[in-house]
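Colleague: Got a predicted model here, sequence first, then my questions.
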Amino acid sequence: MSLLSRLNGRRRPAARPAALGLAVLTALTAFTTLGPAATPAQAAPSDCPKGYFCAWKTDHATGEMLKLTKSASTLGSWDNQISAVSNRTNQWVCGYDEPGYKTSYWSVGVRAPDPAGTDWGYMGMKSLSSLKFVPTERECYGPAYPSWHAEPNPAGPSSFGNLNGDDEADLLARDKVGRLWFLPGDGSGKLIGGGWGAMNALTRHGDFSRDGKEDVIAREASTGKLFLYPGTGTGTFGTRKVIGTGGWNAMTRLTALGDLTGDNRADLLAVEKSTGRLYLYPGTSTGTLGARKMIGSGGWNSMNALTPVGDVTGDGKADLVAREASTGRLYAYPGRTGALGSRTLLGGGWNVMAQLVAVGDHGLDGTNDLVALTGPSYRGDSCSYEGCLLVYGGRGDGTFARGSWDGQDYSWDDMSLVF
């Protein structure tokens, strides 16, 4: 598969140069540079071994074969000579028409991972002067994370949606290879770490560890264990702690709501898969969860999204937004002490959204807002299809204004989860 640009008219930023190592191997000898001394093997597509990116100067993939296992900032005698390629690595390979992973125009040649070697073809461009190996496709064009911008909160730093203690709402994003990124609201991103794909539930909003910093709760798919990752106040996390020894795979829609019980401790909501009941797990003074309490007797399996938007009604209590799967209707459930009040309908058509995200105050009005990431069936005036981020400004009365595209990034669908 080759790709010159994203579908649906999306434009990607030019790729940034990267200082990555070079490994060029032939069938007989390993080289650290490309040049006259490196005599490539005579080969065909079937000779490209697993774990290698192979290239040929001919359109039909015969003759001299170049084999790479790492990025090459220059191509030596292979500069502007590559035609047919096969990518049997587990990474994306990006092709640029200038050395140093630069491009003189917007198009970048891209080859998807194909470890099984079922396909060979072309990079989409023959003027290749450097090749870069990256974990995800978006890294061919720019940063590994989407661009997220938030305005400073006029009331100063908020305890909701704030992992680094500044006055801008931030996000966490997990990419498709399991890396977790911290997005502080200024367009930048910081890698928290890898391996987060092992978690089949991630939720935030609330200080469970009682140190004044927002935390994350995660469920491990293989064991059903529940972990608390205490926030450090810098957009990173301390050593995780088991707060549920097992059985949590029986629950769905894990949602860190904030303080619902009125004791100034963060609480957790979860739906029991077998019954559709909604349970409240109150936070404790030791950073664990207390005995659960049923606050919804059934029917909660009909909801395919629970979003902890914080206090959007102005009464000081944490509120909840939920989407009904069968209708796409969005409902607001006002927080009451240890319970949820009667729901109100916010609107329909929300099934076109891939994710609903609680973000805190994105704007300059001091009220919490709602963010939605669009799915493939979304059509809008300024942005269509999947990958757009829309901001629905909170009005302070439990409702939200019409959503608008933030104008920053078309590729939020590159993330497997945003929260």
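Modeller: Cool, got the structure.

Colleague: Who are the contact partners of the closest residue to residue 339 other than its chain neighbours?
Modeller: Nearest residue to residue 339, sequence neighbours excluded (CB to CB, 6 or more residues apart in numbering): residue 295, at 5.2 Å. In short, each C-beta sits where N, CA and C put it, glycine included. Counting by CB atoms under 8 Å, 6 or more residues apart in numbering, residue 295 touches 269, 278, 279, 280, 338, 339, 340.

Colleague: Just list whatever residues bridge to residue 306.
Modeller: residue 322 (DSSP bridges).

Colleague: and it, how many neighbours does it have?
Modeller: 23 (other CB atoms under 10 Å).

Colleague: what sits against the closest residue to residue 189 other than its chain neighbours?
Modeller: Of all residues not flanking residue 189 in the chain, residue 145 sits nearest, at 3.6 Å (CB to CB, 6+ apart). By CB under 8 Å, 6+ apart, residue 145 lies in contact with 173, 175, 181, 183, 189, 415.

Colleague: Then residue 195?
Modeller: residue 178.

Colleague: what pLDDT does it get?
Modeller: pLDDT for residue 195: 98.

Colleague: Also residue 125?
Modeller: So residue 125 comes in at 83 (pLDDT).

Colleague: With residue 65 as the reference, measure out to it.
Modeller: 20 Å (CB to CB, to the nearest Å).

Colleague: Between those two, which has more neighbouring residues?
Modeller: With neighbours defined as other CB under 10 Å, residue 125 and residue 65 compare such that residue 65 has more, 23 against 19.

Colleague: you'd agree that one is in a helix?
Modeller: No - looking at residue 65 with DSSP: H, G, I helix; E, B strand; the rest coil, it is strand, so not inside a helix.

Colleague: List the ones among the contacts of residue 145 that fall in strands.
Modeller: 173, 175, 181, 183, 415 (DSSP state E).

Colleague: follow-up on the earlier one: of the contacts of residue 145, which is the nearest to residue 244?
Modeller: residue 173 (24.4 Å; CB to CB).

Colleague: Would you check that that closest one makes contact with residue 146?
Modeller: Yes - using CB atoms under 8 Å, residue 173 makes contact with residue 146 at a distance of 6.7 Å.

Colleague: ok, residue 126 - contacts?
Modeller: Residue 126 neighbours (CB under 8 Å, 6+ apart): 80, 82, 83.

Colleague: JSON lines please, covering the contacts of residue 145 and showing neighbour count, pLDDT and distance to residue 201.
Modeller: Conversion of the contacts of residue 145 to JSON lines gives the following (neighbours: other CB atoms under 10 Å; pLDDT from 0 to 100; distance: CB to CB, whole Å):
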{"residue": "173", "neighbour count": "23", "pLDDT": "98", "distance to residue 201": "16"}
{"residue": "175", "neighbour count": "23", "pLDDT": "98", "distance to residue 201": "17"}
{"residue": "181", "neighbour count": "24", "pLDDT": "98", "distance to residue 201": "18"}
{"residue": "183", "neighbour count": "24", "pLDDT": "97", "distance to residue 201": "20"}
{"residue": "189", "neighbour count": "19", "pLDDT": "97", "distance to residue 201": "22"}
{"residue": "415", "neighbour count": "26", "pLDDT": "97", "distance to residue 201": "16"}
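
Colleague: Mind picking the one among these that's closest to residue 117?
Modeller: Taking those together and measuring to residue 117 by CB to CB, the closest member is residue 175, at 25.4 Å.

Colleague: what's the spacing between the closest one and residue 190?
Modeller: 13 Å.

Colleague: Find the residues that touch each one of these two.
Modeller: residue 181.

Colleague: Can you report how many residues lie near residue 91?
Modeller: 21.

Colleague: Likewise for the one 10 residues further on?
Modeller: Residue crowding around residue 101 was assessed by other CB under 10 Å; the count is 25.

Colleague: Check residue 115 too.
Modeller: 12.

Colleague: so it, which of the three states?
Modeller: Residue 115 - assigned by three-state DSSP - is coil.
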